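*Asks:* Coordinates only, no sequence provided:
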């Protein structure tokens, strides 16, 4: 990767990091406004957990502070690997981030269900009859977890990959100096050289 491309990618990652850090502070004040839409509240899909920045390193929640780095570059590097390994451009299409989100939700639900099933088993051992789903509300737990930050940073990684395809030095050079397609050269006319001796030989 060119040095200028590296600077551009670092800028996109830094922008992603800043947005994800301040996103909970932006979401909480406006969340009540969208309660007027009971059937579809888009704010319910955004994270609400405050990362809790402090100058005391022992008090930082490193799960949240490191998750954007993991999610962003995991997806960014995964795109080329998938396209090269499977010899396809699927990871560059809009269907790839949609599949990533769906699989992430499924994986998180399975993890939650497995964890709270153990709690339900412990409760059953004490004579209480409860189900695993009685312990948690899926969206509430997801919005308060670092896993949602991973999903958002992964989506930002995919968007950044698409942006880099447009603003990379190689792409800009191709725009400045487009390669003109070569016109196919006309085929030379076939010369028919048939002498009188050849015709006699054929007969």
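*Replies:* Received, thanks. On a predicted model such as this, the values are computed, not experimentally measured, just so you know. Residues are numbered from 1 along each chain as shown.

*Asks:* quick one: the helix or strand containing residue 118 to chain centroid distance?
*Replies:* Per DSSP states H and E, residue 118 falls inside helix 95-125. Relative to its chain's centre, helix 95-125 lies at 20 Å (C-alpha atoms, centre = their mean, to the nearest Å).

*Asks:* Just give the nearest non-adjacent residue to residue 50, would you?
*Replies:* residue 24 (5.3 Å; C-beta to C-beta, 6 or more residues apart in numbering). All C-beta atoms are positioned from the backbone trio N, CA, C, and that covers glycine.

*Asks:* mind listing what the one you found touches?
*Replies:* Going by C-beta atoms under 8 Å, 6 or more residues apart in numbering, residue 24 touches 46, 47, 48, 49, 50, 51.

*Asks:* quick one: the residue nearest to the last one when sequence neighbours are not counted and residue 73, what's the gap?
*Replies:* Spelled out, that is residue 51. Nearest non-adjacent residue to residue 51, counting by C-beta to C-beta, 6+ apart: residue 64, 4.5 Å away. Distance of residue 64 to residue 73, computed by C-beta to C-beta, to the nearest Å: 16 Å.

*Asks:* Counting neighbours, go ahead and name the busier of the two.
*Replies:* Neighbour count, other C-beta atoms under 10 Å: between residue 64 and residue 73, residue 64 has more, with 21 against 16.

*Asks:* Tell me which residues of the host helix or strand of that one come out buried.
*Replies:* Per DSSP H and E, residue 64 falls inside helix 62-86. Judged by neighbour count using 16 or more other C-beta atoms under 10 Å, the buried positions of helix 62-86 are 64-65, 67-68, 70-73, 75-76, 78-79, 82.

*Asks:* Now it: average pLDDT?
*Replies:* When pLDDT is averaged along helix 62-86, the result is 93.

*Asks:* can you give me how far that helix is from the chain middle?
*Replies:* Helix 62-86 has its C-alpha centroid displaced from the chain centroid by 7 Å (C-alpha atoms, centre = their mean).

*Asks:* Kindly report the same for stretch 81-97.
*Replies:* With C-alpha atoms, centre = their mean as the basis, stretch 81-97 stands 11 Å off its chain's centre.

*Asks:* Which stretches in the protein count as helices?
*Replies:* For the chain, the helices defined by DSSP state H cover 3-31, 62-86, 95-125, 138-143, 146-167, 169-176, 196-202.
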